[in-house]
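1. Kindly generate the corresponding structure for this input.
(4 chains)
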2 protein chains.
Amino acid sequence: MDSYSLERPTEFVRRYWPPDPNLPKHEQLRRALTQSIMEGFWKVGARLPTEADLVATTPCGLATVQRALRELVADGIIERRRGSGSVVADLNGPIEEPWHMRFLDPTKGNTAYLPLFTEVLDRHILEEQGPWTNAIESGTNPVVRIDRIFTVNNDCRIYSIFYAIASRFPELIELPVAALGGKNLKTFIARRYHVPVHKVKQKLRYVIPPAEVVEHGDCPAGFPATLFNVIAYGLNGEPMYYQDFYIPPTDYELDLGITTK
Amino acid sequence: MDSYSLERPTEFVRRYWPPDPNLPKHEQLRRALTQSIMEGFWKVGARLPTEADLVATTPCGLATVQRALRELVADGIIERRRGSGSVVADLNGPIEEPWHMRFLDPTKGNTAYLPLFTEVLDRHILEEQGPWTNAIESGTNPVVRIDRIFTVNNDCRIYSIFYAIASRFPELIELPVAALGGKNLKTFIARRYHVPVHKVKQKLRYVIPPAEVVEHGDCPAGFPATLFNVIAYGLNGEPMYYQDFYIPPTDYELDLGITTK
DNA sequence: TAGTGGTCTAGACCACATA
DNA sequence: ATGTGGTCTAGACCACTAC
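-> Numbering: from 1, shown residues only, chains lettered A, B, ... in the order given. Coordinates of the predicted model:
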C-alpha cells in the first residue's frame, strides 16, 4: 500500500473526522461516511476506501470498520461486493425511478409501473405558513411551491403541489420554470445536492379540490377528491419536502410501498 | 455459572440447532432465536439467555452471539438493556395498537388516533381463488374470509374483508363468530401463534363497491369507492393475510405509516 | 496471484443495573 | 460486588473478483 493510494482516504479523514467524539467509533465512522457521501465527497458509484485503507487512516480497527460499513449497507447508502470493493449506492438506479404515484400496469400483470409524465404549471415563493410549515420545519423561512400535472399512461391527470424550503434548494427557484419541466424533482434534488430521499411518511384524506386543481386535473368539481400527502426525509432523517397529490377516480392501482413497524 | 441455569439454553440449542448448517453462524443463531420466539419457546417479555450462556451452549463466540442479538434488536424482535439482559419484545405494547385504519384525531393536533370499534358480520370458508391467492400463497387450499365493520369515532363505517389460509390459523374457524367480535385480528394472531405482523404492503384503487359493502358500510351505491388493500407479512417475510378496506369519504385523515426504500 | 470483503475467535476494558 | 450488555482490537482463515 503506497502513500499515493491513501491520499483520498486521508483527505476524507482530515475533512470529516471526528463527527462527534462522544459517540462510539463505529457510529462516528458511519456518520462521517454518510456526511461525506451527502456532500458529494464520494460521488455516486465511486469506490470507497477499502477496509484496510480505513483501518490505516482512521482510529478504528478492522472489526469496527466492518461494522460501520455493514450498517451503511443496511441503510442502503453503499453496496459491497467481495473481491471488488465498496461503492456509493447508485442513485441513478432504482432510486431514480418514481417513488410516488407508482401506478401498476394491468397489461403486465401488475409487475411494472405505468409511464408518468410531468408538466410544470407554476412556481412561486410563499411567505405565509401552512400545513407544510411544521412538516418541513420551515418556520418563517420562505418556501418554494411548485405546481405540476402528473399524467399517468396518457389518460389520468393528477395535480401535485410541492413545497420545500427555498434557501435549501436554490436552484429550484433560480432555474427557469421551463428547465424543471419533465424532471423528477426527487431525482433532481438527489443529483444536485447528493441528498437522496430515504423514507416517506404518507397520509390520505378527502377534500373539496381548489379551483386550480379542478381546472388542470381530472378531479370533478364540488365532490371530495382523494388527497394523498407525502413528507419526504433524507438520509439523516431531516425533512426535505412536503407534497400533495389530488388523485381522481381511476381504474389504475396505486402502489403505496412497504411499511415496517 | 452452575449447570442448572444452563438447562433452558441447552434445551433451546437441542431443539433449534442447527436451523441450516450452510449459513453463517450469526445468521443461524438469529434464525434459531427467531424461530423459537415465534413458536413461543421464549414467551413475550421473557428473559433470553445471556451472551455468556449462548457462548457456552452454542458453537458461537462472543462477537458472533452479539452480532446475532444486535440484528434481532434491529428486527424489533428483542430488547436489550445493559446490566439487565435481553428480553423478547413486548407484543402487548405498541404492536398491539391498530396498524391499519389509523385515523388522526383532529381535536388532539393529529398526534393521537381515533378510537376504532369492530364488529364481525360474517365468516366463511372459500374454496375458490381470487386476488388473495397469490398474495398469501394459498394455492388450492381453503381460505377463511371474515367480513367486519370498523367504526371510526362512532361516525364512519368502513367495510373490511380479511383473508387467510384456513389451516394456518385454525382458531379463526373453530371459534364461534361471537368470540371474534371486537377483537383485533392482528393481535389475536400474534398472541395465539406468536407471529407478529412485521411489515405490510399497501395499495389503493377505486371500485364500485359490492352490495354487502354498500349495505353495511358508508360507501354510496353506484359510485367508485376507495379500496385500500393490505398484505401483511410475518417476521420471516412469509405472507400472513390479505385484507381489503372500503373507505367512504370522510373528513378524517388516514395515517399510512412510513415507507423506506 | 493479489486484493477485497465475509466470518469468526479470544480477550480486553467499560458503562450500567441490580442487589 | 457481581453480572450484564457495549465497544474495540489483533489476528486468523475463507470466498470471491479482477488481472
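
2. what element comes up after the lowest-mean-pLDDT helix or strand in chain A heading to the C-terminus?
-> Least confident helix or strand of chain A, by mean pLDDT, DSSP states H and E, is helix A:185-193 with a mean of 61. Remark: after helix A:185-193, the chain's next helix or strand is strand A:199-207, criterion DSSP states H and E.

3. quick one: strands adjacent to that next one?
-> Strand A:199-207 has the following sheet partners, assigned by DSSP bridges: strand A:225-233 (antiparallel), strand B:253-260 (antiparallel).

4. what sits against A:I247?
-> Neighbour list for A:I247: A:I158, A:C219, A:A225, A:T226, A:L227, A:F228, A:L254 [criterion: Cβ atoms under 8 Å, 6 or more residues apart in numbering or on different chains]. The way it works is simple: take the backbone N, C-alpha and C, and place the C-beta from them, glycine included.

5. That one bridge partners, please.
-> Counting by DSSP bridges, A:I247 is bridged to A:T226.

6. Can you get me the start-to-end distance on stretch A:244-258?
-> 20 Å (Cα to Cα, to the nearest Å).

7. okay, now the residue of the stretch 51-200 of chain A found nearest DNA strand C: neighbour count?
-> Closest contact between the stretch 51-200 of chain A and DNA strand C, by Cβ to the nearest atom of the strand, is at A:G83 (2.8 Å). The local packing of A:G83 (other Cβ atoms under 10 Å in any protein chain shown) involves 4 other residues.

8. And it, how close does it get to chain B?
-> With distances taken as Cβ to the nearest Cβ, to the nearest Å, A:G83 is found 18 Å from chain B.

9. Need phi/psi at that residue.
-> Main-chain dihedrals, A:G83, degrees, to the nearest 10: phi 90, psi -20.

10. Quickly note the distance from it to A:V177.
-> Remark: distance between A:G83 and A:V177 (Cβ to Cβ, to the nearest Å) = 48 Å.

11. what does the stretch 1-150 of chain A put close to DNA strand D?
-> Residues of the stretch 1-150 of chain A lying close to DNA strand D (Cβ under 7 Å from any atom of the strand) are A:24-27, A:59-64, A:81-84.

12. Of these, select the buried ones using a ChimeraX command.
-> Buried members of these, defined by 16 or more other Cβ atoms under 10 Å in any protein chain shown, are picked up in ChimeraX with:
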select /A:25,26,27,60,64
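
13. In CSV, list the residues of the stretch 1-150 of chain A next to DNA strand D along with distance to B:R123.
-> Supplementary listing: those in CSV, determined by distance: Cβ to Cβ, whole Å:
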residue, distance to B:R123
A:P24, 52
A:K25, 56
A:H26, 51
A:E27, 50
A:P59, 62
A:C60, 58
A:G61, 59
A:L62, 57
A:A63, 54
A:T64, 55
A:R81, 50
A:R82, 51
A:G83, 55
A:S84, 55
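
14. The residues of the stretch 1-150 of chain A next to DNA strand D into CSV, with extra columns for secondary structure and pLDDT?
-> CSV is the format used below for those (DSSP: H, G, I helix; E, B strand; the rest coil; pLDDT from 0 to 100):
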residue, secondary structure, pLDDT
A:P24, coil, 90
A:K25, helix, 91
A:H26, helix, 92
A:E27, helix, 89
A:P59, coil, 90
A:C60, coil, 89
A:G61, coil, 89
A:L62, helix, 92
A:A63, helix, 92
A:T64, helix, 92
A:R81, strand, 88
A:R82, coil, 86
A:G83, coil, 87
A:S84, coil, 85
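
15. now, which of the residues of the stretch 1-150 of chain A next to DNA strand D sits nearest A:P170?
-> A:P170 lies nearest to A:E27 out of these, by Cβ to Cβ, at 31.6 Å.

16. How about the contacts made by the closest one?
-> Neighbouring residues of A:E27 by Cβ under 8 Å, 6+ apart: A:A68.

17. same deal with A:P249?
-> Applying Cβ under 8 Å, 6+ apart, the residues near A:P249 are B:Y206, B:P224.

18. which SS class is it?
-> What DSSP: H, G, I helix; E, B strand; the rest coil gives for A:P249 is coil.

19. Could you tell me how far it is located from B:A211?
-> 20 Å.

20. can you check A:V152 too?
-> According to Cβ to Cβ, A:V152 and B:A211 sit 30 Å apart.

21. re the thing from before, relative to chain B, which of the residues of the stretch 1-150 of chain A next to DNA strand D is nearest.
-> A:A63 (7.3 Å; Cβ to the nearest Cβ).

22. ok, now which ones touch the closest one?
-> A:A63 touches B:A63, counting by Cβ under 8 Å, 6+ apart.

23. do the same with A:E71
-> A:E71 makes contact with A:H26, A:R30 under the criterion Cβ under 8 Å, 6+ apart.

24. From A:R30, how far out is it?
-> A:E71 sits 5 Å away from A:R30, taking Cβ to Cβ as the criterion.

25. A:H100: what's it in contact with?
-> Contact analysis of A:H100 by Cβ under 8 Å, 6+ apart lists A:K186, A:V200, A:F228, A:V230, A:Q243, A:F245.

26. Can you get me a residue count around the second one?
-> This means A:V200. Residues near A:V200, counting by other Cβ under 10 Å, number 24.

27. for it, what are its contacts?
-> Counting by Cβ under 8 Å, 6+ apart, A:V200 makes contact with A:W99, A:H100, A:V230, A:I231, A:A232, A:Y233, A:G257, B:I258, B:T259.

28. Tell me the bridge partners for A:V230.
-> Beta-bridge partners recorded for A:V230 (DSSP bridges): A:Q202, A:Q243.

29. Include pLDDT and distance to DNA strand C when you put the contacts of A:V200 into JSON lines, please.
-> Shown next, in JSON lines, are the contacts of A:V200 (pLDDT from 0 to 100; distance: Cβ to the nearest atom of the strand, whole Å):
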{"residue": "A:W99", "pLDDT": "75", "distance to DNA strand C": "26"}
{"residue": "A:H100", "pLDDT": "84", "distance to DNA strand C": "31"}
{"residue": "A:V230", "pLDDT": "94", "distance to DNA strand C": "33"}
{"residue": "A:I231", "pLDDT": "94", "distance to DNA strand C": "33"}
{"residue": "A:A232", "pLDDT": "90", "distance to DNA strand C": "29"}
{"residue": "A:Y233", "pLDDT": "88", "distance to DNA strand C": "27"}
{"residue": "A:G257", "pLDDT": "90", "distance to DNA strand C": "26"}
{"residue": "B:I258", "pLDDT": "88", "distance to DNA strand C": "27"}
{"residue": "B:T259", "pLDDT": "86", "distance to DNA strand C": "26"}
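
30. For DNA strand C, what's the nearest residue on the stretch 151-261 of chain A?
-> A:L235 (20.1 Å).

31. burial measure for that residue, as a count.
-> By other Cβ under 10 Å, 20 other residues sit near A:L235.

32. quick one: the residue of chain A found nearest DNA strand D and A:W42, what's the gap?
-> In chain A, the residue that lies nearest DNA strand D is A:G83 (2.1 Å; Cβ to the nearest atom of the strand). Separation of A:G83 from A:W42 (Cβ to Cβ): 20 Å.

33. try A:G61
-> Counting by Cβ to Cβ, the gap from A:G61 to A:W42 is 22 Å.

34. what's the answer for A:R14, then?
-> Distance, A:R14 to A:W42, by Cβ to Cβ: 14 Å.

35. the more surrounded of those two?
-> Relative neighbour count places A:W42 above the other of A:R14 and A:W42, with 21 against 9, counting by other Cβ under 10 Å.

36. In terms of pLDDT, where does the more buried one sit?
-> Here the pLDDT value assigned to A:W42 is 90.

37. That one against A:Q35, yeah?
-> No. Here A:W42 does not reach A:Q35: they are 10.5 Å apart, not a contact under Cβ atoms under 8 Å.
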